[in-house]
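**Q** sequence plus predicted model, see below.
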Amino acid sequence: MNVLKIYEKAPAKINLMLDVLHKRNDGFHEVEMIMTMVDLADRLEFSELPRDTIFISSQAGYIPLDEKNLAFQAARLIKERYDVRSGVHIHLDKKIPVAAGLAGGSSDAAATLRGLNRLWRLNIPDQELQELGAELGSDVPFCITGGTALATGRGEKLTPIPNPPQCWVILAKPPINVSTADVYGRFRSDKIVRHPSAAKMEEAIRNQSFAEVCGQMGNVLEDVTLKLYPEVLHLKEAMIKLGADGVLMSGSGPTVFGLVSKESKVARIYNGLRGFCKEVYAVRMLT
Ligand SMILES: C[C@@](CO)(OP(=O)(O)O)[C@H](O)COP(=O)(O)OP(=O)(O)OC[C@H]1O[C@@H](n2ccc(N)nc2=O)[C@H](O)[C@@H]1O
Ligand SMILES: Nc1ncnc2c1ncn2[C@@H]1O[C@H](COP(=O)(O)OP(=O)(O)O)[C@@H](O)[C@H]1O
């Protein structure tokens, strides 16, 4: 019997700017972020199963494969909501570092919603997939369509904007685990001296000015994570010293990324970081 197999790519996201406005009554924080995707991706393979069950496997030994996996949760949600009685085996080829501020789990969840929509021929429009995704996590709706977007609300309200000018993105993840909930929990808006501006970043992108984009980068969550984990601050300083054009922590951290326009600089920065940080990636922006 021929088993139907389909594939989805789940790219990592970076936050070019991230501002937190205030804490809401539901415990989430109201944010303003400009997010885009980079060419560092997990790959998901979906195969039909004869039994009505969800089975997750992965080459990565460090992620949960049960109902704690966001891909499992996405598959369960779509099955329940659309009354699907078929089973699926999802194999996750993990490439995105976990709990890194790069939305690896959220992107896997989004890829699962897209993939199962195709596998089971459900014809769910993207907007409905995004609404489903919001039930799984604040970053999942953005990961459904990707591209570049202004995200507001708790991150689920999206306005697409043009892609930033193409460049290299060097990502470095120190060997620490950062909890997003913990970072938001410690955030104090009255301590923030300079808020990054979504409007100015959007304008820089619309102008296709790489220098302006670098100048508008900012993430108020650095105020929490850099104090809690000085190694993230050191990584940032090292990337600046090595010559990256714009350097910022992504999301709640701990990954730090540097934007670099000149290819000739990439190897030097990459090798300089590899001297003291094991997880370093040099990729292109996904445009
Ligand atoms: C900080 C960001 C920036 O893109 O990314 P990561 O660092 O996780 O990649 C996101 O806001 C993270 O989104 P996501 O990782 O999907 O978070 P969720 O699962 O929805 O929420 C995890 C926890 O973070 C807190 N949370 C999340 C989003 C938000 N706008 N306000 C919050 O206070 C809540 O305590 C929540 O229980
Ligand atoms: N498919 C998945 N890939 C990665 N992590 C997952 C996945 N499913 C659940 N998780 C759990 O989600 C948490 C956050 O992972 P991740 O999405 O990589 O972080 P972040 O939101 O910081 O980018 C981790 O504790 C991890 O164990």
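**A** That came through fine. Ligands and ions are numbered 1, 2, ... in the order given.

**Q** going by C-alpha atoms from here, please, whenever you check contacts or count neighbours.
**A** OK.

**Q** now the strands: where do they sit in the protein?
**A** Assignment of strands within the chain using DSSP state E yields the ranges 5-23, 29-49, 54-58, 87-93, 148-152, 157-161, 168-173, 218-219, 246-249, 256-260, 279-284.

**Q** export those to CSV and tack on distance to residue 227 and mean neighbour count?
**A** Listed next are the strands of the chain as CSV, based on distance: least, CA to CA, whole Å; neighbours: other CA atoms under 10 Å:
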stretch, distance to residue 227, mean neighbour count
strand 5-23, 17, 22
strand 29-49, 20, 21
strand 54-58, 34, 17
strand 87-93, 33, 20
strand 148-152, 26, 23
strand 157-161, 30, 16
strand 168-173, 16, 25
strand 218-219, 14, 24
strand 246-249, 13, 27
strand 256-260, 14, 25
strand 279-284, 21, 18
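
**Q** residues from the stretch 151-287 of the chain in reach of ligand 1?
**A** For the stretch 151-287 of the chain, the residues in contact with ligand 1 (CA under 6 Å from any ligand atom) are 154-155, 180-181, 184, 251-253.

**Q** now these in JSON lines, with pLDDT and neighbour count?
**A** As requested, those are exported to JSON lines (pLDDT from 0 to 100; neighbours: other CA atoms under 10 Å):
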{"residue": "154", "pLDDT": "98", "neighbour count": "19"}
{"residue": "155", "pLDDT": "98", "neighbour count": "23"}
{"residue": "180", "pLDDT": "97", "neighbour count": "17"}
{"residue": "181", "pLDDT": "97", "neighbour count": "11"}
{"residue": "184", "pLDDT": "98", "neighbour count": "18"}
{"residue": "251", "pLDDT": "98", "neighbour count": "27"}
{"residue": "252", "pLDDT": "98", "neighbour count": "26"}
{"residue": "253", "pLDDT": "97", "neighbour count": "27"}
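
**Q** quick one: which of the residues you listed sit in helices?
**A** Those of these mapping onto helices are 180-181, 184, per DSSP state H.

**Q** now these in a markdown table, with distance to residue 190?
**A** What follows is those, written out as a markdown table (distance: CA to CA, whole Å):
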| residue | distance to residue 190 |
| --- | --- |
| 180 | 20 |
| 181 | 19 |
| 184 | 14 |
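
**Q** which of the residues you listed sits closest to ligand 2?
**A** The shortest gap between ligand 2 and any of these belongs to residue 180, at 6.2 Å (CA to the nearest ligand atom).

**Q** what sits closest to that closest one if chain neighbours are left out?
**A** The spatial neighbour of residue 180 that comes closest, neighbours along the chain excluded (CA to CA, 6 or more residues apart in numbering), is residue 252 at 5.6 Å.

**Q** hang on, the one you found packs against residue 185?
**A** No. No contact is recorded between residue 252 and residue 185 when judged using CA atoms under 8 Å, the distance being 11.1 Å.

**Q** quick one: which of the strands of the chain is nearest ligand 2?
**A** Among the strands of the chain, the nearest to ligand 2 by CA to the nearest ligand atom is strand 87-93 (7.3 Å).
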